[in-house]
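Chemist: just coords:
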């Protein structure tokens, strides 16, 4: 292992105090002045002035970097708060969509069980949800049907049937064997008041 300070230690031991101070002063000044200063072309006073200028410039740059760091930290904090807000909104929206799908699923089970049919027309969804005090825009009804299919997670029992615009049939939710649907979906009792026996 090499000793990086062996030469300096040797100079301290071999030089008298004044010479050692002179060498130390030159090393310090020329070192602070920067690598582009040639001691053969630049005297100690000029080197000292360059060193002061360089230190001043470095202090100014350091202060700018500190300010920039504070600004970036503030931006990151704002972005984190915004991300938390949007995640909270997304969670609430997902929970709301789950509840809407469960309400529709409950109604679909009731209608299909009572009528002995397997198809539930998607056009009724907006009325069903509004009757349950759930606000929904008509453009979101298909998303609610898709969510109902996802919540049941068994396409043999419940599936979303999308029809092209040119079709004479409406997009619908097909519910087969409503008695086999889960008892509760997204906190809504599907079978409550729906199934007999």
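Modeler: Right, received. Where do you want to start? Keep in mind that this is a model prediction, so the values were computed, not measured.

Chemist: Strands of this protein, start to end?
Modeler: Listed from the start of the chain, the chain has strands (DSSP state E) covering 119-121, 158-161, 172-175, 184-185, 188-189.

Chemist: deepest of these, which one?
Modeler: By mean neighbour count, with neighbours taken as mean count of other C-beta atoms under 10 Å, strand 172-175 ranks first of those at a mean of 24. Any C-beta I mention is one placed from the backbone N, CA and C, and that applies to glycine too.

Chemist: And that strand, what does it pack against?
Modeler: Taking 3 or more C-beta pairs under 8 Å, 6 or more residues apart in numbering; DSSP states H and E as contact, the helices and strands that strand 172-175 lies on are helix 44-115, strand 119-121, helix 141-152, strand 158-161.

Chemist: Spatially central residue in the protein, please.
Modeler: Ranked by distance to the mean C-alpha position of the chain (C-alpha atoms, centre = their mean), the top residue is residue 83 at 5.4 Å.

Chemist: wait, isn't residue 44 in contact with residue 26?
Modeler: Yes - here residue 44 reaches residue 26: they are 6.1 Å apart, a contact under C-beta atoms under 8 Å.

Chemist: Same list (the strands of the chain) but as CSV, adding distance to residue 129 and mean pLDDT.
Modeler: Output for these, formatted as CSV (distance: least, C-beta to C-beta, whole Å; pLDDT from 0 to 100):
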stretch, distance to residue 129, mean pLDDT
strand 119-121, 13, 68
strand 158-161, 16, 82
strand 172-175, 13, 78
strand 184-185, 15, 82
strand 188-189, 12, 83
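
Chemist: Among these, which comes closest to residue 96?
Modeler: With respect to residue 96, and counting by C-beta to C-beta, the nearest of the strands of the chain is strand 188-189 at 12.2 Å.

Chemist: so what secondary structure elements neighbour that closest one?
Modeler: In terms of contact count using 3+ C-beta pairs under 8 Å, 6+ apart, strand 188-189 is assigned the packing partners helix 44-115.

Chemist: pLDDT of the helix it packs on, averaged?
Modeler: Computed over helix 44-115, the mean pLDDT rounds to 89.

Chemist: Could you check the angle it makes with helix 141-152?
Modeler: Computed with axes from the mean of the first three to the mean of the last three C-alpha atoms, to 10 degrees, the direction of helix 44-115 lies at 80 degrees from that of helix 141-152.
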